[in-house]
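Asks: Give me a model of this one.
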Amino acid sequence: RIVSHSALFLNDNSDIQFWIYVPNVFSSLKYVQEASTLYCIMKAMNPLFPNGLILINVSFREGNSPDHHQNITYNQLLRNVCRCANALKLLGVKKGDRVAIYLPMIPELVYTMLACARIGAVHSIVFAGFSSESLCERIVDAQCNILVTADGVYRGDKLINLKKIASEALERCKESMASCVQKCVVVKHHAFRTNTDASNKLQTPWDESCDIWWDDLMDGVSDECEPEWMDSEDPLFILYTSGSTGKPKGVLHTVTGYMLYTSLTFKYVFDYHHDDVYWCTADIGWITGHSYITYGPLANGATSVLFEGVPVYPHVGRLWEIIEKYRVSKFYTAPTAIRLLMKYGREPLQRYDLSSLRVLGTVGEPINLEAWLWYYDVVGQQRCPVIDTFWQTETGGHVLTPLPAATPLKPGSATCPFFGVQPAILNEHGEELEGEAEGYLVFRKPWPGIMRGVYGNQERFESTYFRKFPGFYVTGDGCRRDQDGYYWITGRIDDMLNVSGHLLSTAEVEAALTEHPSVAEAAVVSRPHAVKGECLYCFVTLKDHKEFNRTLMEELKRKVSPHISAFTPKLKRFTRPAGKIMRRVLRQIARNEKDLGDLSTLADPKVVEVLFSQRCEAAA
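Replies: Numbering: from 1, shown residues only. Predicted coordinates for the structure are as follows:
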């Protein structure tokens, strides 16, 4: 019954079963039924590496400063995860309980999430840049009884007092009469990195009845912990993603299907081999970090990099420096980061040896032509395939993606479906379109990594993803299929613009704007127009040392004329920390709507005031 050398997905008497084979790691095929997360796999792998292969996503840990780095082995990870798992059990955490994690990109983040998985608890990771309001909302919705955070962290040169934010969030929970957190575990991260004076900036009230230091909790705890055996469909984690209304959805993923899918997609999409060094620049607070920093790489025995810092600190060549330092061969980042680095030109790259690179990946949004070509020509030196992946928090892993050296590439196209994935394109009436077509991107049948629900809200799960076109999973994205069967993501369906009866794609208009040599990034939304119904409203970020003037405005207008209404400069920092532009809020700014809802997911909420002031000037 084994039809693939890598994995077989079976259904036997209604019980989901998996055969998982990791070439060159297992000496024989391992059968995993109702597996206790990937730690049964890790347990099997560990004896094969008596000295501990330099490990997982934290094999090379690179801090915010280049001076802060460490290596972590499989054995070290296993011991630390077991200690953390035992400590959580001492706090009363048991199978099915929810644990909120509000940590920066440090090893303790990985230890905690995998400790939860080991004992059957459900982790809910909140990006360590969100506000106390956002943290509170997620804690309450998931009914978490433990919160794990840190004293503070530097992101670039900006000091963030995480403990203060966490304390404020817990106070909000109490005020809303929804208090559920029994203990707050605090990692001394910042205190070990700075002098006493700097640490004093992080002093915040300490609640003796609730707060406990990580080191005190771990003191004397055993580093052996037997895993909790789980059913295949038991929950693994909840991860909140923004909804169109601004209220986050708790996307629920389960144990076996999610880990099979992340393991398989990681291996084949990145063509991973055991002499590779892999680096994904995402944050574990987002699905990319869950799937392609933690679970996928670990299941493949990967050597990889965990990065705490930001791309341009303390200098604009930081990413290239890290690639040279660790001889990274597989590199995965967002188009936003690529466009940011493009602003500084080729010179920063030329200081470093990037010859180790073999595969370049992109994630998070469609990549425009200029960025794709720069990535391929300058970073990859015209010898590394660019793997443009399309997927969502809800899909668990890649669903549209090229495979290195197997799929002919087209810049800007997510190319073809991954194994077993069945995409379709529908029109507004739900009719399936054949051949060359453009419309709604949907999927016909499920795959192992698909979400199992919206936590605590089955109605929202059904209405958001299945009700519009019954029988299909609705991505919410527009898509074009060309004559070769390649898929091109055209943007969110709610970002499609109807101007004078013409349906325009935001992604295509933005790509046209970023072709201008002065433009680093662009976002396009619509605003009402008395004659055309809708017109375009463009936000742009210019490259360094470029000025926004009337000449430039006219040049940009010609690129998207005659549908243009106004330009607003300085889009900079108007993104989520995951690198995605928040078009929902930009649309409201363009329409001069002051009630913007929750702005906590913005990288810099203060930029809203700047955009409103410049909007008035642009629209005048």
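
Asks: Could you chop this protein up by domain?
Replies: As assigned by automatic domain parsing, the chain contains the domains 51-424, 496-619.

Asks: most packed of those?
Replies: A comparison of those by mean neighbour count, using mean count of other Cβ atoms under 10 Å, puts domain 51-424 on top with a mean of 20. Quick note: C-beta positions are derived from backbone N, CA and C, even for glycine.

Asks: sorry, back to before: pick out the shakiest of the domains of the chain, pLDDT-wise.
Replies: Note on the domains of the chain: lowest mean pLDDT is at domain 496-619, with a mean of 73.

Asks: Switch the domains of the chain over to CSV; also include distance to residue 460.
Replies: Shown next, in CSV, are the domains of the chain (distance: least, Cβ to Cβ, whole Å):
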stretch, distance to residue 460
domain 51-424, 7
domain 496-619, 17
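
Asks: looking at those, which is closest to residue 459?
Replies: With Cβ to Cβ as the measure, domain 51-424 is the member of the domains of the chain nearest residue 459 (11.8 Å).

Asks: from the chain's centre, how far out does that closest one sit?
Replies: How far domain 51-424 lies from its chain's middle: 8 Å, per Cα atoms, centre = their mean, to the nearest Å.

Asks: Secondary structure element for residue 460, which one?
Replies: Applying DSSP states H and E as the criterion places residue 460 in helix 458-465.

Asks: actually residue 558, not the one I typed
Replies: Taking DSSP H and E as the definition, residue 558 sits inside helix 550-560.

Asks: Show me what that helix is packed against.
Replies: helix 506-514, strand 533-542, strand 564-569 (3 or more Cβ pairs under 8 Å, 6 or more residues apart in numbering; DSSP states H and E).

Asks: how much does it deviate in direction from strand 533-542?
Replies: Per axes from the mean of the first three to the mean of the last three Cα atoms, to 10 degrees, the angle that helix 550-560 makes with strand 533-542 is 130 degrees.

Asks: Which residues does helix 550-560 contact?
Replies: The contact list for helix 550-560 (Cβ atoms under 8 Å, 6 or more residues apart in numbering) reads 509, 512-513, 515-516, 518-519, 524, 536, 538, 540, 542, 546, 564, 567.

Asks: Those residues: which two are farthest apart?
Replies: So for the contacts of helix 550-560, where distance means Cβ to Cβ, the most widely separated pair is 536 and 546, at 21.1 Å.

Asks: could you dump stretch 281-298 to PDB, C-alpha only?
Replies: Presented in PDB, the C-alpha positions along stretch 281-298 are these (Å, rounded to 0.1, in the frame of the first residue of the first chain):
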ATOM      1  CA  THR A 281      12.900  35.300   8.600                       C
ATOM      2  CA  ALA A 282       9.300  35.200   9.900                       C
ATOM      3  CA  ASP A 283       8.100  35.400  13.500                       C
ATOM      4  CA  ILE A 284       6.700  32.300  15.200                       C
ATOM      5  CA  GLY A 285       3.800  34.500  16.200                       C
ATOM      6  CA  TRP A 286       2.400  34.000  12.700                       C
ATOM      7  CA  ILE A 287       1.500  30.800  10.800                       C
ATOM      8  CA  THR A 288       4.700  30.900   8.700                       C
ATOM      9  CA  GLY A 289       6.700  30.600  11.900                       C
ATOM     10  CA  HIS A 290       4.600  27.800  13.200                       C
ATOM     11  CA  SER A 291       4.700  25.700  10.000                       C
ATOM     12  CA  TYR A 292       8.100  26.600   8.600                       C
ATOM     13  CA  ILE A 293      10.300  27.600  11.600                       C
ATOM     14  CA  THR A 294       9.100  25.000  14.100                       C
ATOM     15  CA  TYR A 295       7.000  22.000  13.000                       C
ATOM     16  CA  GLY A 296       8.000  21.400   9.400                       C
ATOM     17  CA  PRO A 297      11.800  21.800   9.900                       C
ATOM     18  CA  LEU A 298      11.800  19.800  13.100                       C
END
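
Asks: tell me the contacts of residue 319?
Replies: The contact partners of residue 319, by Cβ under 8 Å, 6+ apart, come to 281, 311, 333, 337, 341.

Asks: give the contact list for the first one.
Replies: What it means is residue 281. Applying Cβ under 8 Å, 6+ apart to residue 281 gives the contacts 307, 311, 319, 331-334, 337.

Asks: now stretch 586-602, how far from the centre of its chain.
Replies: 22 Å.

Asks: same deal with stretch 548-563?
Replies: 33 Å.

Asks: following the longest helix anywhere in the chain, which helix or strand shows up next?
Replies: Using DSSP state H to define each element, the chain has its longest helix at helix 74-90. For helix 74-90, the following helix or strand on the C-terminal side (DSSP H and E) is strand 98-102.
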